[in-house]
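K.L.:
Could you work out the structure for the sequence below:
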Amino acid sequence: MAKRDLNSGLYDPRMGDQAIRSLSLSLDPKSIEPARTNYFSIYYIENGSGKFWADAACHEFDRGSLLFFVPYQSIRFVPDTPVRAEAIQFHANFLCVETFHAEVGCSGILFNDPYGIPVVSLDKSAQREVSRLIERVRKEQSQSALAFGEVMLAYLKVLLILAARIKSPQPGLCVPGANDFRHPVLAQLRDLIEENYQTMHSPADYAKRLHLTAKTLGRIVREHLGTTPTDLIRNRILIHAKWQLLHTLKPIKEISRELGFRDELYFSRFFKKFTGYSPTFFREFETEIRNGSNLSMFSAQAPIL
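P.N.:
Numbering: from 1, shown residues only. Model prediction:
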């Protein structure tokens, strides 16, 4: 398996990049910001502890944690102690999470859940299993034996299913954010955002609908989800925008309008600020490196994937 450093950037098969790769990381107790990438990323913390930021959300991690990040996300680690970690990164060309969620039966649990905490804590038995799966993925790619890609895909699926089962052991709770809601207001807020994110962007409007002050709503979200109401709304908008840019041929102006932006240029600046790239680049680059396969997955809706 090709090993890269944290600054290798975007996956591009035209440059010989592989659609799946591994990273062995040793992080000193100082802040580090990996470059934005178009891979889905899974970090397994073997040793050490600290905090990490996924966009504006701050969470803690420690030994035996699995961390999940989506493509084009801003990530920052601030270890408290020296950290040793293993990571697997894969592009949609290797495993398309947009469709794989149906197989695991937990859409939006590990990736693309704007209302959840992207951390799965493993017991010792699960730690051994995850280590074994990561090592087997790495070994298959290094040996490149018959059908190694299919075997790697199978191991990666098992890893994702294992993590999804640990995070959401009750099938009835298999909805975005359900397992992180320790305050009743959060479920109401999630439902309100899902109903209104295309037209209502101000946290104060949601607080009013919940009969709370904006300050109280902000405190609840910060205490339980490590982020802000603004970040929840923004991430839901970005999930919708990415889906429409990837899987439809709608003009960017139309997408911006259906998301409540009157000014297309303002929407483009918003998208670039929080993904690192313009909507035009995002659409054209991903469509080109996927050979247009993303356009065969059209949906009129913008689901949480």
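
K.L.:
for the chain, what are the low-confidence residue spans?
P.N.:
1-8, 98-107, 169-181, 296-305 (pLDDT under 70).

K.L.:
Which parts of it are strands?
P.N.:
For the chain, applying DSSP state E gives strands covering 20-27, 40-47, 50-54, 57-61, 65-69, 75-79, 83-90, 119-121.

K.L.:
Assess the claim that residue 43 and residue 84 are in contact.
P.N.:
No - Residue 43 is beyond contact range of residue 84, at 11.1 Å (criterion: C-beta atoms under 8 Å). The C-beta positions use only the backbone N, C-alpha and C, and glycine is treated the same way.

K.L.:
The two: who's more crowded?
P.N.:
Shown here are residue 43 and residue 84; by other C-beta atoms under 10 Å, residue 43 has more neighbours (24 against 14).

K.L.:
just to revisit the earlier point, okay, and the common contacts of residue 43 and residue 84?
P.N.:
Residues touching both residue 43 and residue 84 by C-beta atoms under 8 Å, 6 or more residues apart in numbering: residue 25.

K.L.:
Same list (the strands of the chain) but as JSON lines, adding distance to residue 225.
P.N.:
Output for the strands of the chain, formatted as JSON lines (distance: least, C-beta to C-beta, whole Å):
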{"stretch": "strand 20-27", "distance to residue 225": "24"}
{"stretch": "strand 40-47", "distance to residue 225": "19"}
{"stretch": "strand 50-54", "distance to residue 225": "11"}
{"stretch": "strand 57-61", "distance to residue 225": "7"}
{"stretch": "strand 65-69", "distance to residue 225": "15"}
{"stretch": "strand 75-79", "distance to residue 225": "17"}
{"stretch": "strand 83-90", "distance to residue 225": "23"}
{"stretch": "strand 119-121", "distance to residue 225": "12"}
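
K.L.:
And these: which comes nearest residue 149?
P.N.:
strand 20-27 (8.6 Å; C-beta to C-beta).

K.L.:
For residue 241, see how far away residue 248 is.
P.N.:
Look at residue 248 and residue 241: by C-beta to C-beta, to the nearest Å, they are 11 Å apart.

K.L.:
Which neighbours do those two have in common?
P.N.:
Shared contacts of residue 248 and residue 241, defined by C-beta under 8 Å, 6+ apart, comprise residue 255.

K.L.:
So which of these two has more stuff around it?
P.N.:
residue 241 (24 against 18).

K.L.:
I'd like the distance between the more buried one and residue 295.
P.N.:
16 Å.

K.L.:
Residue 134 is in contact with residue 159, correct?
P.N.:
Yes - applying C-beta under 8 Å as the test, residue 159 and residue 134 come out as touching, 7.4 Å apart.

K.L.:
Find residues that contact each of those two.
P.N.:
Common contacts of residue 159 and residue 134, defined by C-beta under 8 Å, 6+ apart, comprise residue 88.

K.L.:
where along the stretch 201-305 of the chain do the helices fall?
P.N.:
Listed in chain order, the helices of the stretch 201-305 of the chain (DSSP state H, counting those that start in this stretch) span 203-209, 214-225, 229-247, 252-258, 264-275, 279-289.

K.L.:
Return the most buried member of those.
P.N.:
Of all these, helix 229-247 carries the top mean neighbour count, a mean of 21, counting by mean count of other C-beta atoms under 10 Å.

K.L.:
Distance from it to the middle of the chain?
P.N.:
How far helix 229-247 lies from its chain's middle: 12 Å, per C-alpha atoms, centre = their mean, to the nearest Å.

K.L.:
Out of the helices of the stretch 201-305 of the chain, which is closest to residue 138?
P.N.:
Nearest to residue 138, of all those, is helix 279-289, at 23.6 Å by C-beta to C-beta.

K.L.:
Which residues outside the closest one are in contact with it?
P.N.:
10-14, 38, 72, 91-93, 241-242, 245-246, 252, 255, 267-268, 271-272, 275, 277, 294-295.

K.L.:
run the last query once more with 7 Å
P.N.:
12-14, 38, 245-246, 252, 268, 271, 275, 294-295 (C-beta atoms under 7 Å, 6 or more residues apart in numbering).

K.L.:
Identify the residues contacting residue 129.
P.N.:
Contacts for residue 129 (C-beta under 7 Å, 6+ apart) come out as residue 162.

K.L.:
show me the contacts for the residue most central in space within the chain.
P.N.:
Nearest to the mean C-alpha position of the chain, by C-alpha atoms, centre = their mean, lies residue 70 at 2.7 Å. Residues near residue 70 by C-beta under 7 Å, 6+ apart: 40, 111-112.
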